[in-house]
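1. Give me the fold of what follows.
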Amino acid sequence: MSLRILVTGASGFIGSALTRALANDGHFVRAASRKPMVLTNAPGSEWAQLSDLEHEVDWAPLLEGVDVVIHLAAIAHRTHIDSGQYTRANRVATAQLVKACAGRGIKRLIFMSSIGAQAGSAADHVVTEKDEPWPITAYDRAKLAAEEEVRHCGAPFTILRPVIVYGPGAKANMAMMMRIASLPMPLPFGAFKNRRSLLSIDNLVQAVTFCLGNPDTINRTFIVCDPEPITLAEMIGTLREASGRTSNLVPIPPAAVRALVFAAGRRGLWDRIGRDLVASSADLQSVGWSPRVQTKDGLRAMVQAAGSPPQASSR
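-> Sure, this is the predicted structure:
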């Protein structure tokens, strides 16, 4: 069945891939973003201006005639940002959106949260939805608070908590991994056996479209990740090998690298590169979702789509 879908944050990494997929499936998409975008191969769909989420947003025009809302728009991780900006853009703006949805007959509200709302950047056990949420950063706390706004909106909802998403055009943590892998020197990660769950952009898009058509996902919260975790050494090695070079990873003890990272005042970086974060998508799979992309295959495809990893500056 064709739906009229509002996608907020449609020009971003996830939003642009999702908008294309929904349009290809025959849905009308109102792609809302602050940055103008051209909707190719999306007949009948339209771009709409999205206001700054740190200020009052008039959601009514964006919701006009809409069946489904997929809310992606948010302030992502930035350096030197105050926690109030996360609260205004990620929690308050979401609260205003769900209030505007009330009484409009919205068939589904899908909210894109984050694994950080569940477990921060690292965990010593396999993370599931049954764990008590333990957000660490202001961003994570704002996402968890926004989830509560969605749960009380009165419209049927689905909340997704993706782990780090990778694919062509990925930014933030995955872009950092690509830059590290591109360094023309041996890297000290050969002994890093800590495991991380990642999520292919194709698997995430597939999860969203699956939820749209499955009533068993209504009023539930799901972690979304690839089928199997990957070690840091495997991740860097796969990125290097996909670009045609040897992995060239030196087995320096992780404790030595940890000491250097701590000395540089980057404890948060250590959580992302030196500790485990293994998540389980068993709940979503139990209602019928089946991720198609294996992590190593997805990483190789990302490198091949880019031509080669971005080269690190020598300056």
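
2. Contacts for stretch 224-232, please.
-> If you take Cβ atoms under 8 Å, 6 or more residues apart in numbering as the criterion, stretch 224-232 is touched by 115, 160-163, 189, 192-200, 203-204, 207, 238, 273-274, 278-281, 284, 291, 293-296, 298. No exception for glycine: its C-beta is placed from N, CA and C like everyone else's.

3. Kindly recompute the last result at 7 Å.
-> For stretch 224-232, the surrounding residues in contact (Cβ atoms under 7 Å, 6 or more residues apart in numbering) are 160-163, 189, 192-200, 203-204, 207, 273, 278-279, 281, 284, 291, 293-296.

4. of the residues you listed, buried ones?
-> 160-163, 189, 192, 194-200, 203-204, 207, 273, 278-279, 281, 284, 291, 293, 295-296 (16 or more other Cβ atoms under 10 Å).

5. roughly how far is the host helix or strand of Ala175 from the heart of the chain?
-> In this structure, Ala175 sits in helix 172-181 according to DSSP states H and E. Relative to its parent chain, helix 172-181 has a centroid offset of 15 Å by Cα atoms, centre = their mean, to the nearest Å.

6. before we move on, what about stretch 137-149?
-> Distance, centroid of stretch 137-149 to centroid of chain: 14 Å (Cα atoms, centre = their mean).

7. Surely Trp47 and Met37 touch.
-> Yes. Using Cβ atoms under 7 Å, Trp47 is in contact with Met37, at 5.5 Å.

8. which of those two has more neighbours?
-> Neighbour count, other Cβ atoms under 10 Å: between Trp47 and Met37, Trp47 has more, with 19 against 15.

9. what's near enough to touch the residue nearest to the more buried one when sequence neighbours are not counted?
-> Once flanking residues are discounted, Trp47 sits nearest to Ala31: 5.1 Å by Cβ to Cβ, 6 or more residues apart in numbering. Counting by Cβ under 7 Å, 6+ apart, Ala31 makes contact with Val7, Ala10, Thr19, Met37, Leu39, Ser45, Trp47, Ala48.

10. from those, which single one is nearest Ala305?
-> Thr19 (17.9 Å; Cβ to Cβ).

11. before we move on, back to that, restrict the helix holding Ala175 to CA atoms and write it as PDB.
-> What follows is helix 172-181, C-alpha atoms only, in PDB (Å, rounded to 0.1, in the frame of the first residue of the first chain):
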ATOM      1  CA  ALA A 172      31.500  10.900  12.400                       C
ATOM      2  CA  ASN A 173      32.900   7.700  13.900                       C
ATOM      3  CA  MET A 174      32.900   5.700  10.700                       C
ATOM      4  CA  ALA A 175      34.600   8.500   8.800                       C
ATOM      5  CA  MET A 176      37.300   8.500  11.500                       C
ATOM      6  CA  MET A 177      37.800   4.800  11.100                       C
ATOM      7  CA  MET A 178      38.200   5.300   7.300                       C
ATOM      8  CA  ARG A 179      40.800   8.000   7.900                       C
ATOM      9  CA  ILE A 180      42.700   5.800  10.300                       C
ATOM     10  CA  ALA A 181      42.600   2.900   7.900                       C
END
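
12. Now do the buried residues in that helix.
-> Asn173, Met174, Met177, Met178, Ile180, Ala181.

13. From one end of stretch 36-46 to the other, what's the distance?
-> Terminal residues of stretch 36-46 are spaced 11 Å apart (Cα to Cα, to the nearest Å).

14. what is the mean pLDDT for that stretch?
-> Taken as a whole, stretch 36-46 has a mean pLDDT of 75.

15. Kindly report the same for stretch 222-233.
-> For stretch 222-233, mean pLDDT is 97.

16. For it, buried residues please.
-> Applying 16+ other Cβ under 10 Å to stretch 222-233 flags Phe222, Ile223, Val224, Cys225, Asp226, Pro229, Ile230, Thr231, Leu232, Ala233 as buried.

17. Same list, these, but as a markdown table with distance to Asn90 and secondary structure please.
-> Below are the buried residues of stretch 222-233 laid out as a markdown table (distance: Cβ to Cβ, whole Å; DSSP: H, G, I helix; E, B strand; the rest coil):
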| residue | distance to Asn90 | secondary structure |
| --- | --- | --- |
| Phe222 | 19 | strand |
| Ile223 | 19 | strand |
| Val224 | 18 | strand |
| Cys225 | 21 | coil |
| Asp226 | 25 | coil |
| Pro229 | 27 | coil |
| Ile230 | 28 | strand |
| Thr231 | 31 | strand |
| Leu232 | 29 | helix |
| Ala233 | 34 | helix |
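
18. Can you tell me the SS state at Thr87?
-> Under DSSP: H, G, I helix; E, B strand; the rest coil, Thr87 falls in the helix class.
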